[in-house]
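[1] Model the structure of this input:
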Amino acid sequence: MIKLLHIHDCASWQQAQQNLEEALAALGVTEGFETVLMTTGSQSLAEDFGGSPTITRDGIDIFGHSDPIEDLACRIYFTPEGLRGSPSTDMILQALEKRPHQ
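    So this is what the prediction gives:
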């Protein structure tokens, strides 16, 4: 199960959603994904939330992060185009290929 975790105050999740849709289409993945609005710190710990937006597969952040994050905050990604609020389609493609279903 793929999930896109986000908070209300972080608009970058919408670009992440578009990029995730493109990546899944390119991979021929038909399972779809669920978007989840994060509202509490305990929820963020339970969902392996790394900041908004976070993409998980089988409950694990596909990009990883160092420590459990209880704060409901935006996330910054290091992309080939520089710092961005969401991962690029290519980044998502590579991460999903490295983290197959468990």
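[2] List the buried residues for stretch 71-89?
    Using 16 or more other CB atoms under 10 Å as the test for burial, stretch 71-89 gives 72-75, 77, 84-89. C-beta: built from backbone N, CA, C; applies to glycine.
[3] mind checking pLDDT for the most centrally placed residue in the chain?
    In the chain, the C-alpha nearest the mean C-alpha coordinate belongs to residue 55, at 1.9 Å (CA atoms, centre = their mean). Per-residue confidence (pLDDT) for residue 55: 96.
[4] and what of residue 66?
    At residue 66, the pLDDT value in this model is 77.
[5] and if you look at residue 102?
    If you check residue 102, the pLDDT there is 53.
[6] Tell me which of the buried residues of stretch 71-89 fall in helices.
    Judged by DSSP state H, the subset of these located in helices is residue 89.
[7] Nearest to residue 31 among the buried residues of stretch 71-89?
    Closest approach to residue 31 among the buried residues of stretch 71-89 (CB to CB): residue 89, at 17.4 Å.
[8] Residue 80 touches residue 87, doesn't it?
    No: using CB atoms under 8 Å, residue 80 is not in contact with residue 87; the gap is 10.6 Å.
[9] coming back round to it: so the residue nearest to the centre of the chain touches residue 92, yeah?
    Yes: judged on CB under 8 Å, residue 55 makes contact with residue 92 at a distance of 6.6 Å.
[10] any shared contact partners between these two?
    Residues touching both residue 55 and residue 92 by CB atoms under 8 Å, 6 or more residues apart in numbering: 20, 62.
[11] Leaving out the residues flanking it, which one is nearest to residue 13?
    Computed as CB to CB, 6 or more residues apart in numbering, the closest residue to residue 13 that is not its neighbour in sequence is residue 6, at 3.4 Å.
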